[in-house]
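[1] heads up, no residue letters with this:
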């Protein structure tokens, strides 16, 4: 059986047909409409197109940023789309004539890495997707940890700093404010303001009008000490948080995904160092390894397609 | 089938026969010897005694504070006993002629509350045992979450405060330093030093030479505003941490155990309040309830006895 | 000699004639224009009016929120007005024919309390003005502490929390984010969101569309436990910060001003308690007292008028 | 007029004759006795010896770690010696027949740097002496800032981290716990435990049995990345704290003293960088420079000798 995987992002809807070994066939990508109904229509169109061309498609998985209920049926809260208690499965199943499961996008990406990517071979794994925010997924004993209401694994919103920075989730001090792409931009901006090692960052901001992740990554690769310092700060914060995740979840492996993960060892080295000094009872407990994600752009589609194959349970 | 449950604590070894409905028969309690070999002998003697008197005993569970390996066989690190990579199962099984499983004591207590106590009826539960430190146990989909190396659920050592108070585990800022019995004593001592609302605490310390948990609890029950303030601070800290645990584990219920839990609603009220203001995306996700543990003194014995019944898997 | 004092606030320009014993004659109040030039004109008009009616006026003091240079002549940076390196003295002196000194508004208010208000009789005093933000003034050995560039005593921007809440000054974790009127509103809002003890706050927000300081103060006076909890949090934070101020400045007295200070002992009690547990080497050093400001609305005008009397030095 | 300066340290009593230009004549050094009376005798002997050989000595200054009263007469609390409300001046003056002033040792060192060392030419300066702890001194408008009870300028005990590391002063989170020599040793030890870049630190600890400041400094000078990382962490913390000190005190210059200051630019560079990103309203206010102390070992003696020349006021 083949499945269709759909990943609804803030700017693009990605989709494709997923085979049993994690292969991605016919990848598609369209801009995300503003209106929730138009998003639904675009998703239905993409599923219909793919399933007509691949008649052995037998199930559909849809990934979205937000909270999905325990039955993987309703989007209780979406981060970027005006969905509140949206019965997405009930709306889409009759229009496509196939069984549908909904899953959180970070969970889908984590599942893909566990099944077919950097985490294959482990049984207990955590994936952290570093985008604008930080997405988390926890695999325990080969299963996706979903919790009592389907909203477990929100690792980006674990508290890193009591009374800390304001987060978009309404809380203060979430790790997302210290270790995400947005944090990288904020810290790079502060270094640019301060001059000194931040002067190349300041010059880039001056010439481009902004300091986006791509610019900062480019300066990192070029060896600029200000950009490297900004990266080191988010990497250290994430490694420090992983020490706490070890105490909570005891994974064998942390997989780091998202655009910034492509910097590879420049990102992982300070993370490993901070992790090693942040694990409780260090030296008296087994630790975890770190790896870079392998399925970067397609992880959501592949993961949610594979979860659809498993069926509802 | 009956089982024997043994709980090796820092000061006492407790044991008893556990039936299939969580009933505890023939509870025993002896002081914990200093020498590891004498501890082993005392455990063997207790098991032999109980199994001879109850011939239908078919398995043994032993709980201890520390890290237990994934196979529930070896104590890789014990907190209060000089065990390092101690093959406890291999040493005890031949001496008692029964299958043995080893489990972390906080996990055993959590399992007992899940099966027969405050958590019965839920599928996803967290138990926090507030003693000198804080023990944690995570139940997910009706199973004990043990992690990749058997050391998951060390919730007392999740970071609460970056660069925070020194913890005995080698880390800084563990929640245990802000919300345990030891934290209660420290805060009560600070209030006693400061005078004002701490003057009754200071008087008690003067007359008793120390400020232990029992004294502080007594002052709380008597309505002393200094003792109530000390309790409020650890309770708020724990509630705040539960907001983070919600993001990570998404339980339906938090069960609070340990001696201080007997204060009941005076403890839970500020915890609920702090939790409600600390859950990420509050209002857009389902939350958890709070309950006081029911099996306080016997939870470890009952839980590990019941886990032994399940066998090795 | 009489002087004129002018206090340029974000919404109102206040002025009046100040006598040698701190008496305020002919108080005036006009709305603050938007345009910097119109502000200057309004100030000149007010000075001219007052000095014509009181011919013995011999000097003028002008207070504004922002950084004033060491010569008390140039507004190097104003918080709410588009003044950057504005030579305010040089622009106003020729138009009014009187010597002019410029001073930071919180410094002016602190000076007034020191000379004629709650701090009279002390030699070393700190004033904290709790408005939307927090203003600070330090009096040492009977002199206003102004620092090497005129910008000392910015106590609201001392770091309270490493990696803490974002502040409008570009920093993170300033005490202003935890203990100001704005912090009171934020915390009250969080309690309102959380329900429970915040339900009266939520009802007030629902009926008035917002939760301003006046509403929260009203609920405090009415004994509402949610509003009292919000006040207790900012008061504790401020008291804790005062423990650090003690180590730095060693004042004999803290004077608390600003609108919320009118709540009196409900504000001061938790502040004193937090202070007592936050002073380093408590018990081995003399501490400071706390008092409510006496000249609330007129402190800026009276203080800057009195500073003008002292002349330039 | 010449004066005698005496600096009572935890391990050595240093003394000498100080001339009007800060020159040090006849420096002496004896071990500090354990018994307070023997300390007093040793101090009297040293003063008698020096004043007999230099008859133009007209006053004596004595520096000690602790709180000195406002009259510079009584040691209200000493950190390392069993003095509580010790009337040191009254005890020593009759025995030496010369006027005596007592001063805090960090204040004395700061005064020396202001008058004759790195701070000469400024009017507003802060000195931070990084030893086992952190001593602070504040010079404002050319005068030593002593506060209402003589205990101002305790900058090492300003709060750096709310709910932070336990400090010997009874508080939590003092900057001293993050940026002193003791902090350097703690962080180096954590890196040694963690392996990786800490392996040279671990090897040094293994071979020497401990990790003292000298060993760590040696590894820094040898370019070891673990030792440099440990130094960078305390340096960044201190620079960050200096951002807050700027808001409070507005100095023109920070002078860094103590043994570790001899590392020079390796210490100052991360400090400057952290300072630049930690000053409130950065870019809109004048900042301060950083300099290394010049009178390292003799600063206390020279400073307190010079303060004695000024007389009592």
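    Yep, that arrived. The structure displayed is predicted, hence computed values, not measured ones.

[2] tell me the contacts of residue A:176?
    Applying CB atoms under 8 Å, 6 or more residues apart in numbering or on different chains to residue A:176 gives the contacts A:133-134, A:156-157, A:167, A:169, A:182-183. The C-beta positions use only the backbone N, C-alpha and C, and glycine is treated the same way.

[3] Now for the residues you listed: which two are most distant?
    Maximum pairwise distance in these, criterion CB to CB, is 14.3 Å, between A:169 and A:183.

[4] Wasn't residue A:127 part of a strand?
    Yes: counting by DSSP: H, G, I helix; E, B strand; the rest coil, residue A:127 falls inside a strand.

[5] who in the stretch 201-313 of chain A is up against chain B?
    With CB under 8 Å from any CB of the partner chain as the criterion, the stretch 201-313 of chain A comes near chain B at residues A:240-241, A:243-244, A:247-252, A:278-286, A:288.

[6] So which of the residues you listed are in helices?
    The helices, defined by DSSP state H, take in A:240-241, A:243-244, A:247-249 from these.

[7] Just send those back as JSON lines, with neighbour count, distance to chain D and pLDDT too.
    What follows is these, written out as JSON lines (neighbours: other CB atoms under 10 Å in any protein chain shown; distance: CB to the nearest CB, whole Å; pLDDT from 0 to 100):
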{"residue": "A:240", "neighbour count": "25", "distance to chain D": "12", "pLDDT": "95"}
{"residue": "A:241", "neighbour count": "28", "distance to chain D": "16", "pLDDT": "97"}
{"residue": "A:243", "neighbour count": "22", "distance to chain D": "10", "pLDDT": "95"}
{"residue": "A:244", "neighbour count": "30", "distance to chain D": "15", "pLDDT": "94"}
{"residue": "A:247", "neighbour count": "27", "distance to chain D": "16", "pLDDT": "94"}
{"residue": "A:248", "neighbour count": "26", "distance to chain D": "20", "pLDDT": "95"}
{"residue": "A:249", "neighbour count": "30", "distance to chain D": "20", "pLDDT": "97"}
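
[8] quick one: which of these is nearest chain C?
    Nearest to chain C among these is residue A:240, at 11.1 Å by CB to the nearest CB.

[9] So the closest one sits against residue A:275, correct?
    Yes: using CB atoms under 8 Å, residue A:240 is in contact with residue A:275, at 7.2 Å.

[10] joint contacts of the two?
    Residues touching both residue A:240 and residue A:275 (CB under 8 Å, 6+ apart): there are none.

[11] Which residue does the stretch 201-313 of chain A have closest to chain C?
    residue A:237 (8.7 Å).

[12] So that residue is in contact with residue A:174, correct?
    No: using CB under 8 Å, residue A:237 is not in contact with residue A:174; the gap is 11.2 Å.

[13] Compare those two and say which is more crowded by neighbours.
    The neighbour comparison of residue A:237 against residue A:174 (other CB atoms under 10 Å in any protein chain shown) goes to residue A:174, with 29 against 24.

[14] Please, where are all the helices along the stretch 201-313 of chain A?
    For the stretch 201-313 of chain A, the helices defined by DSSP state H, counting those that start in this stretch cover A:213-221, A:225-249, A:265-276, A:299-310.

[15] Deepest-packed of those helices, please.
    Ranked by mean neighbour count, the helices of the stretch 201-313 of chain A are led by helix A:299-310 with a mean of 28 (mean count of other CB atoms under 10 Å in any protein chain shown).

[16] Stretch A:200-218: end-to-end distance?
    Taking CA to CA, to the nearest Å as the measure, stretch A:200-218 stretches 11 Å from start to finish.

[17] Get me the contact residues on the stretch 1-150 of chain A for chain B.
    A:67, A:76-77, A:84, A:122-124, A:140, A:145-150.

[18] So which of those residues sit within strands?
    Those of the residues of the stretch 1-150 of chain A next to chain B mapping onto strands are A:67, A:76-77, A:84, A:140, per DSSP state E.

[19] In these, find the pair that's most separated.
    The most widely separated members of those, counting by CB to CB, are A:84 and A:140 (29.5 Å).
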